[in-house]
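Got a predicted model here, sequence first, then my questions.
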Amino acid sequence: MRPIVAGGRAKLYDRKKPAAMSGNFEQARDFFVQGIAHYQAGRFPQAERDFAASLSLLPGRASTLTNLGATRLKLGKFQDAADLLQEALAQEPGNVEALGHRATALAELGEHAQALVCVERALAVDASLAVLWTLRGNLLKELRRFDQARESFEKAIALGADNELNRYFLAGLSGQPPPASPPRDYVEGLFDSYADDFEPHLLHVLNYRAPELLIEPLARDGRSFARALDLGCGTGLCGVLMRPLSGRLDAVDLSANMVARSVARNVYDSVQQADLVEYLRSAARRYELVVAADVFIYVGALEAVFAGVAQAMEKDGVFCFSVESTSDDMDYELRPSLRYAHSPGYIRKLSVQYGFEITRTSVHPIRDDQRSPVPGWFAWLNKL
């Protein structure tokens with residue numbers, strides 16, 4: 001998972017006016033104030049432009065470097081952000097915001113140990129910032145220092161951090177009964193930030209093959225479907241394979257950025273941004289095929305999904321999906337990766353409960369994690 005950004009607010013421009021720079025100062029201040037307004041409104045390209053203009057007029061100013069770095073972090077320019085924030089820290093070593101943002105940039109670059117050093121420096125200045133304890137917990141988790149990660153999440157909660165989110169992080173480490181679902185804002189934000197490098201990372205780094213494994217058996221059998229639904233479509237990887245088998249092809253995803261990329265792919269007849277269960281409950285049409293490729297790892301309890309698919313599916317329709325597999329000792333678990341795993345026994349139980357018959361199963365790795373294959377269980381169900 002991607003660590004939480006530490007600090008989302010740009011630091012206000014300090015008012016110390018350099019001697020003999022009156023004109024530049026006033027113009028630079030105006031650009032800076034405009035950058036603040038754009039940043040706080042979420043207009044990050046405009047904020048980047050104005051902070052860069054301010055910096056060109058008054059080079060080396062720590063407050064401008066910090067805010068430009070924070071903005072480039074929001075834009076996914078992680079190395080640029082890290083470099084700018086290091087430049088700010090060379091002038092202000094105790095700048096907590098610069099330390100927090102640089103830690104996040106380094107974490108995004110996979111430099112978790114270096115990121116942790118920045119967080120520890122920031123906490124040495126101000127140990128009351130709950131968001132830094134959350135970030136520390138995520139970094140320690142990535143470094144597999146789980147006991148210390150738990151302590152950090154507990155400290156974040158004690159300091160007033162987002163209770164639901166930090167308890168979700170804790171559940172992945174504690175072995176306690178997991179929450180039935182992750183926080184919606186967490187999942188939406190995760191995939192909004194992941195959208196740009198989603199496909200290259202999945203296909204070329206994680207060796208992801210779930211769409212092919214689910215759709216190829218249907219294609220070999222010569223199946224076709226008048227109306228099909230890609231449930232949790234992402235950028236549309238599965239839709240490309242579903243298109244030749246489908247008359248009408250719809251899609252739904254929680255992430256606005258994922259929806260934008262799947263629309264641009266031009267393989268769907270419609271794409272909606274919505275919660276999966278809410279979409280299924282209010283679906284305007286009934287489907288003959290519903291596919292969920294590597295979606296349930298961010299769902300948890302699947303009763304509402306099965307009920308929704310049963311309601312939205314025609315008799316004899318096909319519901320196929322993949323899950324990370326766990327033992328039949330439990331229905332599902334939340335792993336330290338913050339992904340859910342589900343047992344085959346749980347899937348069989350839900351199939352009977354909601355009127356499906358399992359017609360085919362297969363065991364394959366879903367993707368790699370830490371360079372090791374993640375065991376997956378693939379299932380094809382018919383609606384009775």
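That came through fine.

I would like the residues contacting the strand or helix carrying V323, please.
Assigned by DSSP states H and E, V323 falls within strand 313-324. The contact list for strand 313-324 (C-beta atoms under 8 Å, 6 or more residues apart in numbering) reads 210, 213-214, 218, 223, 225, 227, 231, 286-297, 309, 335, 339-342, 347, 356, 366, 374-384. (Glycine included, C-beta is placed from N, CA and C.)

which parts of that strand are buried?
Across strand 313-324, burial judged by 16 or more other C-beta atoms under 10 Å covers M313, G317, V318, F319, C320, F321, S322, V323, E324.

Kindly write the ChimeraX command that selects the buried subset of the contacts of strand 313-324.
Under the burial definition 16+ other C-beta under 10 Å, those of the contacts of strand 313-324 that qualify are selected in ChimeraX by:
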select :210,213,214,218,225,227,231,287,288,289,290,291,292,293,294,295,296,297,309,335,339,340,341,342,347,356,366,374,376,377,378,379,380,381,382,383
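
Which ones among the contacts of strand 313-324 map onto helices?
If you go by DSSP state H, the contacts of strand 313-324 have A210, L213, L214, L218, V309, I347 in helices.

Of these, which is the nearest to R150?
Taking C-beta to C-beta as the measure, R150 sits nearest to I347 out of these, at 30.2 Å.

if we can go back for a sec, from the contacts of strand 313-324, which ones fall inside strands?
Assignment to strands by DSSP state E places the following of these there: 225, 227, 231, 287-292, 340-342, 356, 366, 374-383.

tell me the strands in the protein, going along the chain?
Using DSSP E, strands in the chain cover 225-231, 246-253, 270-273, 287-292, 313-324, 332-334, 340-342, 356-369, 372-383.

what's the closest of those strands to L173?
Using C-beta to C-beta, the strands of the chain put strand 332-334 closest to L173, at 9.0 Å.

which neighbours does that closest one have in its sheet, and in what orientation?
strand 340-342 (antiparallel) (DSSP bridges).

what does the strand it pairs with contact?
Contacts of strand 340-342 (C-beta under 8 Å, 6+ apart): 178, 296-300, 302, 323-326, 331-335, 377.

next one: stretch 237-251
Residues outside stretch 237-251 that contact it (C-beta under 8 Å, 6+ apart): 199, 202, 210-212, 214-216, 218-219, 223-230, 233, 236, 262, 265, 267-272, 285, 287, 289, 291, 293.

quick revisit: out of the buried residues of strand 313-324, which comes closest to N67?
Using C-beta to C-beta, the buried residues of strand 313-324 come closest to N67 at E324, 39.8 Å.

Not counting sequence-adjacent ones, nearest residue to that closest one?
Leaving out its chain neighbours, the residue that sits closest to E324 by C-beta to C-beta, 6 or more residues apart in numbering is A341, at 4.0 Å.

Can you give me the pLDDT of that neighbour?
Note on A341: pLDDT of 95.

ok, now E120?
At E120, the model reports a pLDDT of 97.

how near is the nearest residue to it once chain neighbours are set aside to R367?
Closest residue to E120 apart from its sequence neighbours, by C-beta to C-beta, 6+ apart: R136 at 7.6 Å. In this view, R136 and R367 are 27 Å apart by C-beta to C-beta, to the nearest Å.

Those two: who's more crowded?
More crowded of R136 and R367, by other C-beta atoms under 10 Å: R136, with 26 against 20.

Could you list which residues are in contact with the more buried one?
So R136 contacts L116, V119, E120, L123, A149, S152 (C-beta under 8 Å, 6+ apart).

how close does it sit to S128?
13 Å.

now N67
Note on N67: its distance to S128, by C-beta to C-beta, is 22 Å.
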